[in-house]
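> Give me coordinates for this.
(2 chains)
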Amino acid sequence: MSNSCSCHAQLTPDHLAEVDRILESYRGQPGSLIQVLHKAQNVIGYLPREVQVKVAEKLDVPLTRVYGVVSFYSLFTTKPKGRHKIHVCAGTACYVRGANQLLNKLEEDLQVKPGDTTEDGKFSVDVVRCLGACGLGPVVTVDDDVYGRVHTGKLADILSKYDKE
Amino acid sequence: MEMYRSHVLVCAGAGCISSACKAVQSALQENIDQYGLAKEVKVVETGCMGPCDLGPVVMIFPDGVFYRKLKPEDAAEIVSEHLLKGKVVTRLLHRQPGDPDQVTSFDQLDFFKRQTRIALRNTGIINPESVEEYIARDGYRALGKVLSQMTPQQVVDTIKGSGLRGRGGAGFPTGLKWELTARAAGNPKYVVCNADEGDPGAFMDRSILEGDPHSVLEAMAICGYAIGSSKGYIYVRAEYPLAVERLETAISKAREYGLMGENIFGTGFNFDVEIRVGAGAFVCGEETALLASIEGKRGEPRPKPPFPAQEGLWGKPTVINNVETFANIPPIILNGAEWFASIGTEKSKGTKVFALAGKVNNTGLVEVPMGTTLREIIFEIGGGIPGGKKFKAVQTGGPSGGCIPEEYLDTPVDYESLTKLGTIMGSGGMIIVDEDTCMVDLAKFFLEFVQEESCGKCSPCRIGTKRMLEILNRITSGQGREGDIELLEELSRGIKDSALCGLGQTAPNPVLSTLRYFRHEYEAHIRDKKCPAGACRDLLTYYINPELCRGCGLCAKECPAGAITGDKKKPHVIDAAKCVKCGTCEQKCKFNAIITV
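Model prediction:
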């Protein structure tokens, strides 16, 4: 069942109800568009078209503007992400300490390019611009866990911690 | 109120959190409870203390003993020996290079004793979630003084007199900015704190927000009083969730204590602050883009003038200051303009916080008076370059800045001196690079960054940086041609003159500055097809030094391309035709026998 990810990413009625609740508290405040999108993405994991339409209606802004904002900011995504999100910091300090090798290794091991999700929906890999933990570069985060001084030999160990499911 | 005989300060800055300081903290607390010391010893979680590389770090007061690189299993010894018997655990102290005696107290360490902490005065010392601890260190006293004893004009004059300049990078005089906004027609007015610290390698604002959030809130209220505003916004990057959390706590505490909201200190002055979280766009650090983003729009910059002081948020007069700038305000109000102006150089007053990162021993956060030399910062405070490698350059100002080579290490750092060297102060990131870093590759890194972060509104930035990046890709992959350097220079001039905002106008700086000091590296790539630093993969050949190779076979086993052969205990060889230049053999070899030329 290599496509098990789709069930995780599916938009459920619960999700939509939650988005409605969020929108209720911001009704008629077009300036809060970004805050609303953050909250909606926290609930669903991504921002499918249906949700963007809903947001546009409730905040009374054109759909084009909602999509314009979603596509402008790199943290908003219209594609579902993996169950575990790997972020590789590519700030200068991490870069000079070898962040690129980590990305290459991840690409090799997981067969996934930055911005994409593995076929089984387990991991998604993204590049971030400086997490501000420069003293410990290169830095990788998996979900909320932060790993410092990572090298290619350490990656497999780190990822194996997320094998449980 | 409970009195404690000793305080155990556990650093919970971003660096120490990544080094698992939470486990150390709970182990300390467990041991303290076990030994029945809970009423005598208090564990305090603080913001960043600075020496990130030594994390997790702990300071024990009143003696100021500094322990580093702690593991949870060290907790029992610290509690049973230090806290119970009063004996310092020497094996956990920091040993300075060239210093046989271990120093016990933090203020004897080179890293701390050469610093002057104004913006970071509370960071790493107080619990950032406790407004009481902030108040105990003179917190909100400056706001009280301003509201009860000073007119708005006097506040503006004090800030002007102090000589404080914007710490976000451009160095515009803060007092003048306040004055222009105060005089501008239009109502309401707004105070905005730019906490969109996007320069890769800079984390000073993060540390202040996480370690001392009230200092920023207090300063914003002071600014509000000075310019006649009752509403502030803090725009924080989404990449800093802990900073957002700490700010939320601080704002609600300040409201609860009547330090924010209606009728502050019963003076009739109202001021409140709202947090706006960014969504991952570097260009939003540019002030007009940031304002657009607060308004919920795409973060695209617009031409200036009009400046935000005239037409800012929702078209109203707005002051935008950076986090570190605000953090300097309360001490200036309390100690006076002359005190602040007595620190620093003629044109750059006060201190500057720098984030040391890259190839330097003591990575972390330091605050030094303006005019301190680069050598002092990198070698005396930063402890020099690790692994016996040679210093090559220091990069300041992020993607808008440039690099400074060894011969200028004795330059006193201020806004003007760095500009003269072809770089900028920027927000304070200092990335140190050693002989292993290729300067062409470093310039390429920054251009890739700008390319990706360009908002696309103006063509010099969108297309010009793309063309420059193509040339750099060509050079680093061995396809460089004569005339490429001149073409890069021409494009750089064009982009500098015609891009719409600061991001675009400064985008060519990393290329121009590496060309200025390391032109020979460009030439070596183009003419000799060689990378002098041995960093550009396409220009490298891996080979095994037969004198050092012991024939252990580890490299042959690990090589993904099967390019290494040889008999056991005999020197191995790499087949250059098969080698994919992944560098695995170099990492695995225990005898440093793999060489790149």
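> B:Glu286: neighbouring residues, count only.
27 (other CB atoms under 10 Å in any protein chain shown). Heads up, the C-betas are built off the backbone N, CA and C, glycines and all.
> list the contacts for it?
With contacts defined as CB atoms under 8 Å, 6 or more residues apart in numbering or on different chains, B:Glu286 is in contact with B:301, B:501-503.
> Let me know the pLDDT of the residue nearest to B:Arg167 when sequence neighbours are not counted.
Distances taken as CB to CB, 6 or more residues apart in numbering or on different chains place B:Glu324 nearest to B:Arg167, at 3.8 Å, with adjacent residues excluded. B:Glu324 carries a pLDDT score of 97 in this model.
> isn't there a strand covering B:Glu324?
No. Read with DSSP: H, G, I helix; E, B strand; the rest coil, B:Glu324 is helix and lies in no strand.
> okay, how far is it across stretch B:296-307, tip to tip?
Using CA to CA, to the nearest Å, the end-to-end distance of stretch B:296-307 comes to 20 Å.
> Is chain A within reach of it?
Yes. Using CB under 8 Å from any CB of the partner chain, stretch B:296-307 comes into contact with chain A via B:296-300.
> Most neighbours among those, please name it.
Busiest of the residues of stretch B:296-307 next to chain A [other CB under 10 Å] is B:Gly299, holding 28 neighbours.
> tally of neighbours for the closest residue to chain B within chain A?
Per CB to the nearest CB, A:Gly135 is where chain A lies closest to chain B, at 2.7 Å. Using other CB under 10 Å, A:Gly135 is surrounded by 32 other residues.
> quick one: contacts for B:Glu133?
Counting by CB under 8 Å, 6+ apart, B:Glu133 has contacts B:126-127.
> Where does it fall, secondary structure wise?
For B:Glu133, the element it lies in under DSSP states H and E is helix B:131-136.
> That helix: which residues count as buried?
B:131, B:133-134 (16 or more other CB atoms under 10 Å in any protein chain shown).
> Stretch A:52-69 too?
A:52, A:54-56, A:58-59, A:61, A:65-67, A:69.
> before we move on, what about stretch B:581-597?
B:581-586, B:588-589, B:593-594, B:596.
> and it, anywhere near chain A?
Yes. For stretch B:581-597, a contact with chain A is found by CB under 8 Å from any CB, at B:582-584, B:587.
> Now that stretch: average pLDDT?
pLDDT averaged over stretch B:581-597 gives 85.
> One more: stretch A:77-87?
90.
> What residues of it count as buried?
A:77, A:80-87.
> pLDDT at residue 160, what is it?
As the question left the chain open, I've gone with chain A. 91.
> looking at chain B here, not the other one
98.
> pretty sure it is touching B:Pro173, no?
Yes. B:Lys160 is within contact range of B:Pro173, at 7.0 Å (criterion: CB atoms under 8 Å).
> can you narrow the buried residues of stretch A:52-69 to ones near chain B?
Answer for the buried residues of stretch A:52-69 near chain B (CB under 8 Å from any CB): A:65, A:69.
> Tell me who's in contact with the residue lying farthest from the centre of chain A.
What lies farthest from the middle of chain A is A:Gly28; by CA atoms, centre = their mean that is 27.6 Å. By CB under 8 Å, 6+ apart, A:Gly28 lies in contact with A:59-60.
> what about 7 Å?
A:Asp60 (CB atoms under 7 Å, 6 or more residues apart in numbering or on different chains).
> Please apply the same query to B:Glu416.
B:Lys347.
> Where does it fall, secondary structure wise?
Assigned by DSSP H and E, B:Glu416 belongs to helix B:415-420.
> Could I get the buried residue list for that helix?
B:415, B:417-418.
> Which SSE is immediately downstream of it?
Beyond helix B:415-420 on the C-terminal side, the first helix or strand identified by DSSP H and E is strand B:429-434.
> Next, the buried residues of the helix or strand that that following strand is followed by.
Following strand B:429-434 in sequence order, the next helix or strand is helix B:439-453 (DSSP H and E). In terms of neighbour count (16+ other CB under 10 Å), helix B:439-453 has its buried residues at B:439-451, B:453.
> between helix B:439-453 and strand B:429-434, how big is the angle?
Relative orientation of helix B:439-453 and strand B:429-434, computed by axes from the mean of the first three to the mean of the last three CA atoms, to 10 degrees: 150 degrees.
> any bit of helix B:439-453 sitting next to chain A?
Yes. On the criterion CB under 7 Å from any CB of the partner chain, helix B:439-453 is in touch with chain A at B:Phe445.
> what bridges to whichever residue of the stretch 401-550 of chain B sits closest to chain A?
Residue of the stretch 401-550 of chain B nearest chain A, by CB to the nearest CB: B:Ile431 (4.7 Å). Residues in a beta bridge with B:Ile431, per DSSP bridges, are B:Ala357, B:Gln395.
> Just the pLDDT at it, thanks.
For B:Ile431, the predicted pLDDT is 92.
> Check the one 10 residues further on too.
B:Asp441 carries a pLDDT value of 94.
> Now it: closest residue in space that isn't a chain neighbour?
B:Ala535 (5.3 Å).
> again, but for B:Val277
Once flanking residues are discounted, B:Val277 sits nearest to B:Ala238: 5.1 Å by CB to CB, 6+ apart.
> Can you give me the separation between the one you found and A:Cys130?
B:Ala238 is 12 Å from A:Cys130, where distance means CB to CB, to the nearest Å.
> Please say which of the two ends up with more neighbours.
Between B:Ala238 and A:Cys130, counted using other CB under 10 Å, the more crowded position is A:Cys130 (30 against 18).
> which SS class is that one?
Quick answer, by three-state DSSP: A:Cys130 is coil.
> got a list of what it touches?
A:89, A:91, B:200-201.
> Just to check, B:Gly551 is in contact with B:Lys569?
Yes. The criterion here is CB atoms under 7 Å, and B:Gly551 meets it with B:Lys569 at 4.2 Å.
> Which one of those two is surrounded by more residues?
The residue with more neighbours, out of B:Gly551 and B:Lys569, is B:Gly551; 17 against 10, by other CB under 10 Å.
> Now that one: which helix or strand?
Per DSSP H and E, there is no helix or strand for B:Gly551.
> Could you dump the buried residues of stretch B:581-597 into TSV and include secondary structure?
Listed next are the buried residues of stretch B:581-597 as TSV, based on three-state DSSP:
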residue	secondary structure
B:Lys581	coil
B:Cys582	coil
B:Gly583	coil
B:Thr584	helix
B:Cys585	helix
B:Glu586	helix
B:Lys588	helix
B:Cys589	coil
B:Ala593	coil
B:Ile594	strand
B:Thr596	strand
